[in-house]
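Novice: Got a sequence here, can you build the structure:
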Amino acid sequence: MSARIRSDGEERIARLRGTTLPAITTMLGSATVILPIIASTPLLPPFGLLMLLAWRLLRPELWPVWIGLPLGLIDDLFSGQPIGSAMLLWTLALLGIDLADRRMVWRDYWQDWLIAAAAIILCLIGGLVTANATGGNGTVQQIVPQMVLSVLIFPAVVRLCALLDRWRLS
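Specialist: This is a model prediction of the structure:
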């Protein structure tokens, strides 16, 4: 069997794909809020947050904890939330996941889902509190459907990230 030899250009493209694909997919997830979807209550899951959590739980070594700051800023710019809210909430979520990683020797699928569910719910509630502090008047009951849908769709997002990761590493 002979291994395929990559050219220098192919090697650079593969390295670039390996380092940028997770961040690009997270930014694209944040950009889903610009889709022309009209709803009377918040229902669209925060795909940027879901992608961030999926990549972090799938590949813990991929990102430093501070990656929540720039990716959260991009999410804030797309979503219209007060600047700094996603930056703070995403960084706190990543710090919480790091803390859970230090306490657990290993994690399985259900624990990852539980960790992600807690992070999703806390980030959505934190976003609501931030929006209310700057003049909004939403209630937790209004975002419960968004919370439930986000938690239920998270395994599909992890599956998508796993497929993208396989392509990223090829």
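
Novice: what comes up buried for whichever helix in the chain runs longest?
Specialist: The single longest helix within the chain, with elements called by DSSP state H, is helix 140-169. For helix 140-169, the neighbour count (16 or more other C-beta atoms under 10 Å) marks 143, 146-147, 150-151, 154, 157-158, 161, 164-165, 168 as buried. In this view, the C-beta of every residue, glycine as well, is placed from N, C-alpha and C.

Novice: Point out the other helices and strands that that helix packs with.
Specialist: Helix 140-169 sits against helix 8-30, helix 47-58, helix 109-133, with contacts defined as 3 or more C-beta pairs under 8 Å, 6 or more residues apart in numbering; DSSP states H and E.

Novice: Please report phi then psi for residue 43.
Specialist: Per-residue torsions, residue 43: phi -130, psi -30 (degrees, to the nearest 10).

Novice: Can you read off the pLDDT for the residue nearest the centre of the chain?
Specialist: Nearest to the mean C-alpha position of the chain, by C-alpha atoms, centre = their mean, lies residue 52 at 2.2 Å. Looking at residue 52, its pLDDT stands at 98.

Novice: same check, this time on the one 10 residues further on
Specialist: Here the pLDDT value assigned to residue 62 is 90.

Novice: hmm, back to that, mind checking the pLDDT average for the longest helix of the chain?
Specialist: The model assigns helix 140-169 a mean pLDDT of 96.
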